[in-house]
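Q: model this:
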Amino acid sequence: MELILPSLALKNNFVGVDLYTKKDTTDIIDDSIKYSYHAFIIGNIGILLPRNETNEVTEQLATCLLPNTNEVLFGMANLRGNIIPIFDMHAHFNIETKKDHNRKVLVIGKDAHAAAVLIDELPVTLAISQQDKCSVTPSLPKEIQQHLKNSYQIQDKIWIEVDLTSLFFKLSEFI
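A: Sure thing, here's the model as predicted:
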């Protein structure tokens, strides 16, 4: 076992527990990392985030609500010195949230390039293969449809990969 400096270890991506069941590093690269995603749900829409994307979940983030803005902008927050928008995609797509439920904040990206969304449940890790890819585009709100990269079906659930940068930019136009 080779020891590394803590500062170097902090720069590495988190390796999920599912990767430890693989036999050798070629299995990890081919099966898990190449098609491994963090996934979160907005209503009945499953959204995929690449594992190499910087993400974090927080339950308490001091948020400034902005008056006279569209409900898609939940507010702005100071995250380590960077002011980031927090979007409420539930409100934008008219999706009910769970009552009496403490919603969490999923921060996507880092530093000045970060944005956040409100989520009801913690993200999960999914390993997806090309065999899971949908041959037909699923029915989605048009605001998401135009940012769709790929869609996958795992069991009975549809998961979509979207261009989040362009989606957040489009959502900011509603403010």
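
Q: low-confidence ranges, the protein, go.
A: 1-34, 98-100 (pLDDT under 70).

Q: now with 80?
A: Counting by pLDDT under 80, the chain contains low-confidence residues at 1-35, 51-53, 60, 92-102, 143, 155, 171, 173-175.

Q: how about the helices in it?
A: Counting by DSSP state H, the chain has helices at residues 6-11, 25-27, 89-92, 142-145, 164-172.

Q: and C134, how many neighbours?
A: 13 (other CB atoms under 10 Å). To be clear about C-beta, it is placed using only N, CA and C from the backbone, and glycine gets the same treatment.

Q: if I look at the residue nearest to the spatial centre of the chain, how far off is V136?
A: In the chain, the centroid-proximal residue (CA atoms, centre = their mean) is L49; its distance is 4.7 Å. Taking CB to CB, to the nearest Å as the measure, L49 falls 23 Å from V136.

Q: go on, K157?
A: Separation of K157 from V136 (CB to CB): 15 Å.

Q: please apply the same query to H113.
A: From H113 to V136 the distance is 33 Å (CB to CB).

Q: the two: which is more packed in?
A: Looking at H113 and V136 with other CB under 10 Å, you find the greater number of neighbours at H113, namely 11 against 7.

Q: distance of the more buried one from L164?
A: 11 Å.

Q: go on, E96?
A: Look at E96 and L164: by CB to CB, they are 23 Å apart.

Q: tell me which of these two has more neighbours.
A: Set side by side, E96 and L164 show more neighbours around L164, with 20 against 8, by other CB under 10 Å.

Q: list the contacts of stretch 95-113.
A: With contacts defined as CB atoms under 8 Å, 6 or more residues apart in numbering, stretch 95-113 is touched by 40, 42-45, 49, 53-59, 61, 77, 79-80, 82, 84, 86, 89-90, 114-123, 164.

Q: show me which of the residues you listed are buried.
A: 40, 42, 45, 49, 55, 77, 79, 84, 86, 89-90, 114-120, 123, 164 (16 or more other CB atoms under 10 Å).

Q: of these, which belong to strands?
A: Using DSSP state E, the members of those that fall in strands are 40, 42, 45, 49, 55, 77, 79, 84, 86, 115-119.

Q: farthest pair in those residues?
A: I45 and L79 (24.6 Å; CB to CB).

Q: distance check, D111 against A77.
A: Per CB to CB, D111 is found 14 Å from A77.
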